[in-house]
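Q: sequence and predicted structure below; questions after.
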Amino acid sequence: MTFQPAVTVEKILGQIHQKKYLLIAIQREFVWSPDQVRTLFDSLMRGYPIGSFLLWNVTPDSAGKYTYYDFLTDYHEKDAPYANKAIVPHGQGIVAVLDGQQRLTALNIGVYGSYAEKKKYAWWNSSNAFPVKRLYLNVMADADPDDLGLRYDLKFLTTEDAAADASGHSAWFRVGEVLGLANTGPAMMTALQSRGIDLNHLASYERLNALYEALRSFQPINAYLEEGQDADKVLDIFVRVNSGGTTLSSSDLLLSLATNQWTHLDAREEVRSLVQQINTNGSQDFAFSKDVVLKTALMIAGIDLRFRVSNFTAVNMAKVESAWPEVRSSLLGAAALLSSFGLSARNLTADSVIIPIAHYLSVRDLGDSYLQSTHHAADRGLVRAWVIRSLVKRGIWGSGLDTLLGRLRSVIGESGQHGFPGTPIESAMAAIGKSLVMTSFEVDELLGLKYGGQRTFPVLTLLYPGLDLTHSFHEDHVFAKSRFTGKRLISAGIEPSDVPAYLDRVDLLPNLQLLPGLVNIEKQAALPAHWLSTAFANDDERHQYLHQNDMQGLPINLDEFLDFYNQRRDRMNARLRAILGVSEPPSTAEKSPT
């Protein structure tokens, strides 16, 4: 590896536009915000170093083995957020950027391009939601001291925002136009004068000159060039230099290698599209990552589940590409299934749970009919019970994930052809220290879950499974939280000494239930007994609801809340112990004062 002579921003951007520098597919997408771009240019204008770059000189013999992308010039959050594939002529070598993509892309956008992001509160499909902005320097004034710590007032503006005012004065100079100045003397003075700026205002000249020097004279681009053609070595270098900052995820590396080795499909586009679909396909929104999608692909394709370079061979990537239609349909089905369980990004405590579910759907070749067919209702119930229990039990989806997924793949492959193999799965999990059996202590910990907690919704669905969660359900306080302030409780006749106990327990599980979204909104702050008298048509329905939700003896007034809380907690404790198979004696749990 050799150190290259420093060059100017103008020169490196010129080489980028001549396509002498390209991005190898191993790079992640451009992720910098406008503020990061502004800060980079401010650093350049102040003469600060911006770090070294890492380049790879790919010879003509090796260049054809990889996929490359151009640098983004005009970023558009909706229409053009990604770089386009580059075409490298046969027999031509290339210099690939291994480290520095974000900085070089930011420079390119700031000098030659534009940045269009959605306006706050604008509708995504509105015609004016994504105004095109370019980077400008205010030559008349410095930045606000509270603006990112910048010295120079650099902003992304539309053409209209940067236009001259009614008097003909224009303080905004487009950054890219500095490359068109013939010199820092008469040409710069003419540029200022054309904007109605008084040439005796020396500070304006100094600001524009600082921009000129930063892009055309200062040489901040220092680079190391790797000449070797050993791809494994280059990948190792790449991962190491990307260990700081925004860490390169395993899926970024795998996706890059898949992009290079898939022959019929564009791996990058396929994965992007699938991630977006599974996150928005059902009645609930999720936040699954590329890691989950690619790990599922390895599982269904029968490949070693570990993210290791040695697993990313052409043979293995061919298996993944061949299995991709199955991967796609199984993941979409699994996401829809999890959504039907009422799970979402807000309460799904472990995204990895979707991987074995997708594998199960794949093994049985279960299509869309599985999600709603009464024939499969019992099987869906088994899947749901296992999923929820694995989510509420701590330590299942953390360390040792690849080992766990490997065991689940084997069990589902051997025993899952005709139905969900819940018992064999639990036995296999227990054998590697991932037992779903809980202790009395763990049950007590679940009873202490709070409103809005990530595991609260799953535990409530475990306790009270007879809900159609394909519709929106909310966590709701049995006794409305708005009534639980010191002043309101005392006004309701609660002894001041009991107020802390009321406040401590209002958000805990024994005072929570699941209600359909509209019903919850209509209920508002009504006392539960009053709400029940209007929410159900007759006494039988009312009594059935109370029994199904462990609310027997629901009091009319707040003064009996602590007794109700303790009694419901005991019933929930017994119900959870039965569901979770806890056979040991109950622990001595602290109760509310009565």
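A: Sure, I can see it.
Q: phi, psi for the residue located most distally from the centre of the chain please.
A: Most distant from the centre of the chain: residue 200, at 52.0 Å, with distances by Cα atoms, centre = their mean. Dihedral pair for residue 200: phi -80, psi -10, per degrees, to the nearest 10.
Q: please apply the same query to residue 397.
A: phi -100, psi 20.
Q: tell me how far the nearest residue to it once chain neighbours are set aside lies from residue 294.
A: Setting aside the residues directly before and after it, residue 397 is nearest to residue 350 in space (Cβ to Cβ, 6 or more residues apart in numbering), at 3.4 Å. Backbone N, C-alpha and C define where each C-beta goes, glycine included. Using Cβ to Cβ, to the nearest Å, we find residue 350 at a distance of 17 Å from residue 294.
Q: could you do residue 438 as well?
A: 32 Å.
Q: of the two, which one has the most company?
A: residue 294 (25 against 21; other Cβ atoms under 10 Å).
Q: in what helix or strand does the more buried one lie?
A: helix 290-301 (DSSP states H and E).
Q: so how far is that helix from its chain's centroid?
A: 17 Å (Cα atoms, centre = their mean, to the nearest Å).
Q: any idea which helix or strand comes after it?
A: helix 314-340.
Q: report the buried residues of that next one.
A: For helix 314-340, the neighbour count (16 or more other Cβ atoms under 10 Å) marks 316-317, 319-321, 323-324, 326-340 as buried.
Q: cool, stretch 54-65 as well?
A: Quick answer for stretch 54-65 (16+ other Cβ under 10 Å): 54-58, 62-63.
Q: ok, now stretch 415-426?
A: So, applying 16+ other Cβ under 10 Å, buried residues of stretch 415-426: 415-416, 420-422, 424-426.
Q: in TSV: the residues you listed, plus distance to residue 445 and pLDDT.
A: As requested, the buried residues of stretch 415-426 are exported to TSV (distance: Cβ to Cβ, whole Å; pLDDT from 0 to 100):
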residue	distance to residue 445	pLDDT
415	32	96
416	32	95
420	28	97
421	29	97
422	24	94
424	28	97
425	24	97
426	21	95
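Q: mind checking how far the nearest residue to residue 299 once chain neighbours are set aside is from residue 267?
A: Among residues not flanking residue 299 along the chain, residue 359 sits closest, at 5.1 Å (Cβ to Cβ, 6+ apart). Separation of residue 359 from residue 267 (Cβ to Cβ) stands at 20 Å.
Q: same thing with residue 569?
A: 51 Å.
Q: distance check, residue 361 against residue 414.
A: Relative to residue 414, and taking Cβ to Cβ, residue 361 is found at 16 Å.
Q: and the two? Which one has more around it.
A: Legend: neighbour count by other Cβ under 10 Å for residue 361 and residue 414, higher for residue 361 (26 against 12).
Q: so what's the more buried one up against?
A: Under the criterion of Cβ atoms under 8 Å, 6 or more residues apart in numbering, the neighbours of residue 361 are 329-330, 333-334, 337, 370.
Q: now for those, which pair is the farthest apart?
A: 329 and 337 (12.4 Å; Cβ to Cβ).
Q: coming back round to it: got a list of what the residue nearest to residue 397 touches?
A: 390-391, 396-397.
Q: now the host helix or strand of residue 488 - C-alpha only, PDB.
A: Here residue 488 sits within helix 486-491, counting by DSSP H and E. Provided in PDB are the C-alpha atoms of helix 486-491 (Å, rounded to 0.1, in the frame of the first residue of the first chain):
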ATOM      1  CA  GLY A 486     -52.200  13.500  43.800                       C
ATOM      2  CA  LYS A 487     -54.800  16.200  43.700                       C
ATOM      3  CA  ARG A 488     -57.500  14.200  41.900                       C
ATOM      4  CA  LEU A 489     -57.000  11.200  44.100                       C
ATOM      5  CA  ILE A 490     -57.400  13.100  47.300                       C
ATOM      6  CA  SER A 491     -60.500  14.900  45.800                       C
END
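Q: chain center to it, what's the gap?
A: Here helix 486-491 is found 42 Å from its chain centre; the criterion is Cα atoms, centre = their mean.
Q: how about stretch 417-437?
A: For stretch 417-437, the distance to the chain centre is 30 Å (Cα atoms, centre = their mean).
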